[in-house]
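Colleague: Here's a sequence, model it:
(chains A and B)
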2 protein chains.
Amino acid sequence: MNVEFINPFLSSLMNVLETMAMTKLEPGKPSLKKEETSRGDVSGIIGMAGPQTKGSLSVTFQESLALSIMEKMLGERPDKINDEVTDMVGEITNMVTGGAKNILGDKGYEFDMATPTIVSGKDHTISHQCEGATLIIPFTSESGNAYIEVSFDVLAK
Amino acid sequence: MNVEFINPFLSSLMNVLETMAMTKLEPGKPSLKKEETSRGDVSGIIGMAGPQTKGSLSVTFQESLALSIMEKMLGERPDKINDEVTDMVGEITNMVTGGAKNILGDKGYEFDMATPTIVSGKDHTISHQCEGATLIIPFTSESGNAYIEVSFDVLAK
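Modeller: Predicted coordinates:
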């Protein structure tokens, strides 16, 4: 997997959170998954599938950050991860992948997006199963951490 | 979502586990997700995307069942959910979806499979975000419980 695949997801997440929730994320250094594990409390996962490419994306939030995003979007802070929070995480996952899909489509990598799946559970970890490598980018913010993980196999171009 | 979409996943899972791991699952009654929540310790999630259909599948195992499957396949029981277990759950998820894809393709529902993502974490829950309903099937076995959840939007046929 080429680093050119991860940047559209990175910029898309930062853009979505700044626009939707006035939340500024500070991106850390992208690395191979082997070197780092993301742990979080709520994750959005989406599959990407096409004739040339297949892969998966996850966006993982610490609970404190997910609740703060909700508060900034709706004016009210839920006291825990509830259905509204998982819906919001699914929506963010869709928007991030949709944004990246447009950029990658312009570069000749076409894929269809599956529907997102959201996982809730204290301190869960995620593993992407694909031929190539998984890239991970950590983000920090005032309210907590987030991670993007992308795994992307290019079968042909 | 029509019940005709869930049966290929159900029979595919039972078939895979009986063939690969001599493990017999007893299927419970399929229901709409609203009525029941699956909780488990390791889940395989896979996205499905095509021009006519998009959706997601999850297969969730209790730790005791996942470890027992590993033991029956490899002769050795890991003491916890490790990389080998998540790889195995990803493989099962791929095989179940591949089996169902063949059956659904024959019925005119074509989709590409994304790569699977595996979640580990005590007692996590999963929520599928799609237009239509999510169906859930519980399974029981001597070694613990499993669940399949399928959400499948048909855009056109």
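Colleague: any idea which residue sits dead centre in chain A?
Modeller: Nearest to the mean C-alpha position of chain A, counting by Cα atoms, centre = their mean, stands residue A:59 at 2.6 Å.
Colleague: Look up how far chain B lies from that residue.
Modeller: Distance of residue A:59 to chain B, given as Cβ to the nearest Cβ, to the nearest Å: 12 Å. Every C-beta, even on glycine, is put in place using the N, C-alpha and C of the backbone.
Colleague: Residue A:146 too?
Modeller: With distances taken as Cβ to the nearest Cβ, residue A:146 is found 16 Å from chain B.
Colleague: Kindly report the same for residue A:28.
Modeller: 21 Å.
Colleague: Is it correct that the residue nearest to the centre of chain A is in contact with residue A:139?
Modeller: No. In this structure residue A:59 lies outside contact range of residue A:139 using Cβ atoms under 8 Å: 9.5 Å.
Colleague: Which helix or strand contains the residue in chain A that chain B sits nearest to?
Modeller: Nearest residue of chain A to chain B, counting by Cβ to the nearest Cβ: residue A:47, 1.7 Å away. Using DSSP states H and E, residue A:47 falls within strand A:39-49.
Colleague: what about the following helix or strand past that strand, average pLDDT?
Modeller: Next helix or strand after strand A:39-49 toward the C-terminus (DSSP H and E): strand A:53-61. Mean pLDDT, strand A:53-61: 94.
Colleague: and the angle from strand A:53-61 to strand B:39-49?
Modeller: 140 degrees (axes from the mean of the first three to the mean of the last three Cα atoms, to 10 degrees).
Colleague: Grab the longest helix from chain A for me.
Modeller: Determined from DSSP state H, the single longest helix within chain A is helix A:83-106.
Colleague: Which residues outside the worst-scoring helix or strand of chain A on mean pLDDT are in contact with it?
Modeller: Taking mean pLDDT, DSSP states H and E as the measure, chain A has strand A:31-32 as its least confident helix or strand, at a mean of 85. Applying Cβ atoms under 8 Å, 6 or more residues apart in numbering or on different chains, the contact partners of strand A:31-32 are A:133, A:134, A:135, A:136, A:137.
Colleague: quick check, nearest of those to residue B:33?
Modeller: Comparing those against residue B:33 with Cβ to Cβ picks out residue A:134 as the nearest, at 28.6 Å.
Colleague: now the closest one, which residues is it bridged with?
Modeller: Using DSSP bridges, the bridge partners assigned to residue A:134 are residue A:151.
Colleague: Now do the contacts for it.
Modeller: Here residue A:134 is in contact with A:1, A:32, A:33, A:127, A:128, A:149, A:150, A:151 (Cβ under 8 Å, 6+ apart).
Colleague: Would you format those residues as CSV with distance to residue A:95 and neighbour count included?
Modeller: Output for these, formatted as CSV (distance: Cβ to Cβ, whole Å; neighbours: other Cβ atoms under 10 Å in any protein chain shown):
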residue, distance to residue A:95, neighbour count
A:1, 22, 18
A:32, 26, 11
A:33, 23, 17
A:127, 24, 22
A:128, 20, 25
A:149, 17, 25
A:150, 15, 28
A:151, 20, 27
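Colleague: farthest pair in those residues?
Modeller: A:1 and A:127 (15.1 Å).
Colleague: what does chain A have sitting close to chain B?
Modeller: A:43, A:45-51, A:54-56, A:58, A:83, A:86-87, A:90-91, A:94, A:111-130, A:151, A:153 (Cβ under 8 Å from any Cβ of the partner chain).
Colleague: And the buried ones among those, selectable in ChimeraX?
Modeller: The buried residues among the residues of chain A next to chain B can be selected in ChimeraX (16 or more other Cβ atoms under 10 Å in any protein chain shown) with this line:
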select /A:43,45,46,47,48,49,50,54,55,56,58,86,90,91,94,111,112,113,114,115,116,117,118,119,120,121,124,125,126,127,128,129,130,151,153
